[in-house]
Structures are given as structure tokens and as C-alpha cells.
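>>> sequence isn't available, so here's the structure alone:
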């Protein structure tokens, strides 16, 4: 039985369910404010807490912020709340506000991401506030302008992350085993390509939280700190591999089949201007960007030279955003492109035979069987 | 340390018929674990969207956001902490949290089943364990 169940047997806490909707809405607004305080505190190393305490009107929050501004840690904060006369003889709504506030301040004190602060606090309000909190976070995190500080620590980690990404569950398993903090610290020393790769394994809010934490640590950790985190992370991978819990893919899985790249390039080069322009102008840029990883540079030049500059900018953005793909995904994207071209060709009469034949071969291309290990 | 107390036992009390409904819940977690091992936690967002159990939805969405370990346990504990359910709904909520934490920890099916059959109570747990293990692929 987990700790959660044991704590849930606490009788007074259950009065939360008796709190009115209006009071819960007010606590939700408070939680959003605390998440913003957390954000400012992280950005200023806690220097903003004194100003936030002065500006705050809710007494529990002001009390805690004031203590934190004076240097109180989570333990001292807990003690202070427990013994303060303002926390005695409270009605259910006020007690719920106090519990949520303490939880939020504990998370700020631990330097947690504002998204975690909000999730912790709104949990007191019940599952019906999950969507509201998600919407608030998505709106807030979506507006981020990241500084994209660069702190590259040379090592094997980028190759390893690329390898782990071949199996969606492997990377998660490693991050779970290493823990969020160590993982973020290790990956903070990698190039943006690796960060995008890892962020792609989370939902929208999780990806933004991860990128925020990477930025946060890049501003605080030295190259040595990150190097140590990377070594510890690699050690976790090694242990998981040794215990049979993790199987790393082969580096060959990233090398696109040269025959496929040649065939796809030949197909694109043989296609008439009008059809090529139509497919790349109207097609899904994300899929086209992925397919372009299976094309030789001369095909890139032809495509970018044919489409309007507005469209080519969008396509180049999608190319920049796309992670480096394993060969089977490049093959899949190339086949999707072939389907799109052949569908377009069915509507016109001017597509050269050579291009049609080549795209049909690409469409029907099958991945070679991997050799036995 | 597990601190059993009379209040907890009273709150979890429910009939044998109600407890039998834990079987489908446990099988669901085994399926979710299998899916997450193959496709990752992000793939469970679809299950979260289809779920009619609010606590399961919360847990799966938090996991897709990358929340794990103690933070996940703390947050799920708070959801239980703030509810006033008792009897079968509370037992089901506790088993759901246990299943979510096991899923997040990447437990293999045998360990996950052992953690969850405890909610049947000591007298039924062993019999149910044999049934579930015989049925598990």
C-alpha cells in the first residue's frame, strides 16, 4: 500500500469535499498566482519573494512568502505554519486554502517548475479542476520566449539519446530511473537537437516544462556540474542495460538505405515542376520535412528553388524542428510523399512516366530485414 | 512505513461483490503497462481521454507531462486526501492510485498484480493472484 493511501485516511483533510465551488474557484486563482510567484522566484533566485510578500493580500500566502524571503526552508516553513495562531480553528474552506498554500510554497522552496507547483495546489480541488489548470498552463507556457542559452558539454550523451529514441519507452525508462532533476541537468549540456528529441516524448505541457527546466539549469550549473550529471546519467543507462531492462538499438538504424535515398531523389528530380510545386506547396510541411531527410542535397535545392519563398520558409522551419530520424521513419515519410505525388498525378496528365515509375517503386519500398544480433 | 489504522480500515470497507470489480481494473492496468512499455507514456493520453474514471485520467495525463516519482505520488495522494469517498469508491480510488504509481515506476506485470491484489484483502488476495496470473499472457 502506498503512502498516498495512508495519508488519505487523515480525517480533517477530507472536509475539502464540503468546500463551496466559489471558494474552490478562489483557491484556483490563488494557485495560478502562486505559480507565477514560483516563476519569478526561479528567475531571480528568490529575490522577488520579498516584493511578492508585500503585494500579497491573502494572509496565509503573505505569511509564508515573508518567511521564505527571510530565508526559511521548507521544514521551517512547515513548523511556522503548524504553530502559528492564524492557522487555528479554521473552517473547511480556509483549511483547504491553507493546505494548498503550504503545498505550493514547499514546491517553490524546492525550486520546482511552476507547472508542478500548480498541479500540486490544484490537486486539493479535485479532478474537476484538471482541465482548467491544463488550459492555464498551456496558455502560459505557449507564450514563452526562451533565451536558448548554449552550454555544450562534449560527450557521448547526444548519440545515446538518439539511440534511445528508437524505442519510445526506452528513453522514458532511463529518465524515470535517473530521475527528472538528474536527467534535465545531464541533457542541459546537449545541443538543441537532443533537447527537442527528448521534449518530443512528452505532451505539450510536459515538453515546455522540460525545456524550461533545461534553460533554468543552464543558467545555474557549471560545465563541471553538467559533466558529472552526464556521467551519472550514462551510469544509469549502463546499469539498466546490464540488468537486461534496456536494449540499445544499433547505430545502423539511423543510416538511411542509400538505394532508397537514390530512388526517392531520382523520383523528385524526374517530376515536372508543376506537380512538384503543388505537392510541396499544399502538403503537410511536417511530413514533407521528414521525407526530405531521405533526399540528396540536389533534390533539396530543386524543391526550395521551385516553391514560393513564403512556403519554403515554412518548410525550412519544419526541417529545423524535425528530429534526426531513424531510417524506418525516413522510409515511411518517403512513402507518404510518394502516395501524395501519385494521388496528385491521378488528377493531371502531364506527369513524366519516369517519375511515376520511380514514385511507385518508392511507395512499394519495404525496409530490409535487420541482421540477427 | 505503513501505519494501518481503524479509520483507514473503516473507510476502505466494502462487500465482496464490490471487491470483485477490482479484477477488470487490474486487467486494465496490465494492458496500460504493456502499451506504455511498447509506445511510451505519451500514447496513454488517448486512454486518458477515453477514460470515465477522473482519477485515472488525472494520473495518465500527469505521466504524459513527465510527472513521476515522488512528485506524482504527492499529487495523487492529495487527490485522495481531498476526497470524502468511502467504501467501494474509495477502495477503487486507492487501487487506481496504486496502479498509476506502479505503471509510472515501470513495474513488470507480476509485481503490479501483487501490489493491486492487496486491495482484495488478505483472505482473497492469494486466490485472486492465482486467477490473474493464470489469465495474464
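In hand now; what should we look at? Bear in mind that the values here come from a model prediction, so they are computed numbers and not experimental data. Numbers count the residues shown, from 1 in each chain, chains lettered A, B, ... in the order given.
>>> residue ranges with poor pLDDT in chain A?
A:1-15, A:143-153, A:249-255, A:320-324, A:367-373 (pLDDT under 70).
>>> who in the stretch 151-300 of chain A is up against chain B?
By the rule C-beta under 8 Å from any C-beta of the partner chain, the part of the stretch 151-300 of chain A lying against chain B is A:168-169, A:171-173, A:175-177, A:179-180, A:201-203, A:205-206, A:209-210. For every residue, glycine as well, the C-beta is placed using N, CA and C.
>>> filter these down to the ones in helices?
A:168-169, A:171-173, A:175-177, A:180, A:205-206, A:209-210 (DSSP state H).
>>> whichever of these end up buried, select them in PyMOL.
Listed next is the PyMOL selection for buried residues among these, using 16 or more other C-beta atoms under 10 Å in any protein chain shown:
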select buried, chain A and resi 168+169+171+172+173+175+176+177+180+205+206+209+210
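>>> just give me the closest of the ones in helices among the residues of the stretch 151-300 of chain A next to chain B to residue A:267.
residue A:168 (30.1 Å; C-beta to C-beta).
>>> verify the stated contact: the closest one with residue B:40.
Yes - using C-beta atoms under 8 Å, residue A:168 is in contact with residue B:40, at 3.3 Å.
>>> find the residues that touch each one of those two.
residue A:201 (C-beta atoms under 8 Å, 6 or more residues apart in numbering or on different chains).
>>> do you have the helices of chain B handy? List them.
B:6-12, B:16-20, B:22-39, B:45-50, B:54-64, B:69-81, B:88-105, B:109-117, B:122-135.
>>> so what's the gap between the third one and the chain middle?
I take that to be helix B:22-39. Its chain's C-alpha centre and that of helix B:22-39 lie 10 Å apart, by C-alpha atoms, centre = their mean, to the nearest Å.
>>> what residues of that helix count as buried?
B:22, B:23, B:25, B:26, B:28, B:29, B:30, B:32, B:33, B:35, B:36, B:37.
>>> anything in it near chain A?
Yes - counting by C-beta under 8 Å from any C-beta, chain A has neighbours in helix B:22-39: B:36, B:37, B:38, B:39.
>>> sorry, back to before: can you tell which of the helices of chain B is closest to residue A:327?
Of those, nearest to residue A:327 by C-beta to C-beta is helix B:22-39, at 19.5 Å.
>>> which strands and helices lie in contact with the closest one?
With contacts taken as 3 or more C-beta pairs under 8 Å, 6 or more residues apart in numbering or on different chains; DSSP states H and E, helix B:22-39 sits against helix A:168-178, helix B:88-105, helix B:109-117, helix B:122-135.
>>> phi first, then psi, for the closest residue to residue A:202 other than its chain neighbours.
In space, residue A:202 comes closest to residue B:66 once its chain neighbours are excluded; the distance is 4.7 Å by C-beta to C-beta, 6 or more residues apart in numbering or on different chains. For residue B:66, the backbone dihedrals are phi 90, psi 10 (criterion: degrees, to the nearest 10).
>>> same thing with residue A:272?
phi -70, psi 160.
>>> doesn't residue A:353 make contact with it?
No - judged on C-beta under 8 Å, residue A:272 makes no contact with residue A:353 at a distance of 11.2 Å.
>>> for the stretch 51-200 of chain A, which segments count as strands?
Applying DSSP state E, counting those that start in this stretch to the stretch 51-200 of chain A gives no strands.
>>> residue ranges for the helices of it, please.
For the stretch 51-200 of chain A, applying DSSP state H, counting those that start in this stretch gives helices covering A:59-69, A:74-83, A:92-109, A:114-122, A:130-142, A:157-164, A:168-178, A:180-187, A:192-199.
>>> so can I have CSV of the ones you listed showing distance to residue A:298?
Converted to CSV, the helices of the stretch 51-200 of chain A look like this (distance: least, C-beta to C-beta, whole Å):
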stretch, distance to residue A:298
helix A:59-69, 61
helix A:74-83, 60
helix A:92-109, 54
helix A:114-122, 45
helix A:130-142, 38
helix A:157-164, 26
helix A:168-178, 34
helix A:180-187, 35
helix A:192-199, 24
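>>> quick one, which of these gets closest to residue A:46.
Closest among these, once you apply C-beta to C-beta, is helix A:59-69, at 7.2 Å.
>>> against which helices or strands is that closest one packed?
Using 3+ C-beta pairs under 8 Å, 6+ apart, helix A:59-69 is in contact with helix A:21-44, helix A:49-55, helix A:74-83, helix A:92-109.
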